[in-house]
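>>> Based on what follows, work out the 3D shape:
(one chain, ligands or ions: 1)
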Amino acid sequence: MRRLCLKHLRVTLGFFLSLAAFSPIAGHVLPAHAEPPAKKLFGRVARPADVPPNPYGSYARGCVAGAQALPVTGPSWQVMRLSRNRNWGHPVLIDYLERLASDAAASGDWPGLLVGDLAQPRGGPMLSGHNSHQIGLDADVWLTPMPNRVLTEKEREDISAISMLRKGKMEVDPAIFTLAHAKLLARAASYPEVARIFINPGIKRALCDIQWTDRTWLRKIRPWGGHHYHFHVRLSCPPGATGCKNQSPPPPGDGCGKELDLWFQPPPPNAPKPKPKPELTLSSLPSECRAVLEAGGAVNVNAAVQGRRGDAAGISIGNVPSPRRRPVR
Ligand SMILES: [Zn+2]
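The predicted structure is shown next:
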């Protein structure tokens, strides 16, 4: 009897282990080890999925259907680093950026926006750079004002953004970071669709130190590493987008107290190093992302998986240059 039980256990275990080696993708079962990283699929699609707009998943694990392009040159904005083909977003993001640009320019506080990365044409993980920016609701805006002329394509590749911080310190350089920058950030956070704006703790400190009559928008300004050349706007999921996952709201208050102070304290001794995150595969994204990827025949996922040994073969990628690595910031 005992021997029989052990045998039974071994057979059952073997069955479950063999199941674990496979992961389902929208009804198909593919060996997990055969799946290419999702960034190799999403990072090489040149055009959006021509279906109704919808963000699927969360900011760092998802994709976007029906993305629109922010025109590369507008009346009060210019898109930088055009070779990356990352000026795509959900229509609410495009609409927000255009309004922010025109409102800021009309106020006389800021001549226009230089816009960095939004998302790839179908969102998803990227071959280089960001963890988030995956569902078409995140955008980077430079803290450098737009010059009074249309930049050439080459200039948009070559011009560097300017850091707002004193060299080697987490405090703003008042010769560079001005009230105009602060007002732009206040304006950017003031729209109801904005969930968060990520900015360097040194810049958040400078914003906290200003005597604003209304401080409610400061709650949305979240201190984060880097982000002293640009700020990162994150919009809430648009109404009715049921497949889109919002982040929980920031804690109440302006975030100028203890929470901000922590960023200026030395890290605790023996603090564990953050572990590298596992590579996202298509089956680890919401199931709708497969349809988003395959819409219009842009990618044949099965062919991509079968051609894995030949470097993500089977992907029709169009003439898109691979995005270049972001400059060190
Ligand atoms: Zn960003």
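>>> Residue of the stretch 101-250 of the chain nearest the ion, please.
His232 (3.5 Å; Cβ to the ion). In short, each C-beta sits where N, CA and C put it, glycine included.
>>> From the contact counts, what lies against the host helix or strand of that residue?
According to DSSP states H and E, His232 maps onto strand 230-235. Where contact means 3 or more Cβ pairs under 8 Å, 6 or more residues apart in numbering; DSSP states H and E, strand 230-235 is packed against helix 91-107, strand 138-142, helix 179-190, strand 194-199.
>>> Contacts for that strand next, please.
Contact with strand 230-235 is made by 59, 90, 92-93, 96, 116, 132, 137-143, 161, 185, 188, 193-199, 203, 224, 247, as judged by Cβ atoms under 8 Å, 6 or more residues apart in numbering.
>>> next one: stretch 199-214
The contact list for stretch 199-214 (Cβ under 8 Å, 6+ apart) reads 164-165, 169-172, 177, 179, 182, 185-186, 218, 221-228, 231-232, 254-256, 260, 263-264.
>>> Which among these count as buried?
164-165, 170-172, 177, 182, 185-186, 218, 221-224, 227-228, 231-232, 254-256, 260 (16 or more other Cβ atoms under 10 Å).
>>> For the nearest residue to Ala49 once chain neighbours are set aside, give its distance to Gly168.
Leaving out its chain neighbours, the residue that sits closest to Ala49 by Cβ to Cβ, 6 or more residues apart in numbering is Ala295, at 3.7 Å. Relative to Gly168, Ala295 is positioned 48 Å away (Cβ to Cβ, to the nearest Å).
>>> Quick one: end-to-end length of stretch 251-265, please.
Terminal residues of stretch 251-265 are spaced 20 Å apart (Cα to Cα, to the nearest Å).
>>> gap between that stretch and the chain center?
24 Å (Cα atoms, centre = their mean, to the nearest Å).
>>> Quick one: mean pLDDT for it?
The average pLDDT for stretch 251-265 rounds to 96.
>>> do stretch 210-230 as well
97.
>>> Same question for stretch 54-73.
Across stretch 54-73, pLDDT averages out at 98.
>>> near the ion, anything from that stretch?
No: judged by Cβ under 5 Å from the ion, stretch 54-73 and the ion are separated, with a smallest distance of 9.8 Å.
>>> Name all residues that make contact with Gly62.
By Cβ under 8 Å, 6+ apart, Gly62 lies in contact with 55-56, 123-124, 134-135, 244-245, 285-286, 289.
>>> beta partners of it?
Per DSSP bridges, the residues bridged to Gly62 are Gly57.
>>> Compute the distance between it and Ala161, please.
From Gly62 to Ala161 the distance is 27 Å (Cβ to Cβ).
>>> what do you get for Lys220?
22 Å.
>>> Between those two, which is the more surrounded one?
Lys220 (22 against 17; other Cβ atoms under 10 Å).
>>> pLDDT weak spots in the chain?
1-34, 305-329 (pLDDT under 70).
>>> Flag every residue of it that's near the ion.
Near the ion, when you scan the chain using Cβ under 5 Å from the ion, you find 140, 232.
>>> Please enumerate the strands of the chain.
22-25, 28-31, 54-58, 61-65, 68-69, 73-74, 77-79, 88-89, 113-115, 138-142, 194-199, 221-223, 230-235 (DSSP state E).
>>> Just checking: what are the partner strands of the fifth one?
In other words, strand 68-69. strand 88-89 (antiparallel).
>>> Please report how far the closest residue to Tyr59 other than its chain neighbours lies from Ala206.
The shortest distance from Tyr59 to any non-neighbouring residue, by Cβ to Cβ, 6+ apart, is to Ser132 (4.2 Å). Distance, Ser132 to Ala206, by Cβ to Cβ: 24 Å.
>>> Then Val72?
From Val72 to Ala206 the distance is 31 Å (Cβ to Cβ).
>>> out of those two, which sits in the busier spot?
Ala206 (21 against 16).
>>> I'd like to know how far the more buried one sits from Pro147.
24 Å.
>>> cool, Pro239 as well?
Using Cβ to Cβ, we find Pro239 at a distance of 37 Å from Pro147.
>>> same question, Ala303
Taken as Cβ to Cβ, the span from Ala303 to Pro147 is 45 Å.
>>> again with Pro53
32 Å.
>>> Looking at the two now, which is surrounded by more residues?
Pro53 (20 against 13).
>>> Identify the residue nearest the more buried one in space, chain neighbours excluded?
Nearest to Pro53 is Gly66, by Cβ to Cβ, 6+ apart, at 3.4 Å.
>>> and the gap between the one you found and Val79?
19 Å.
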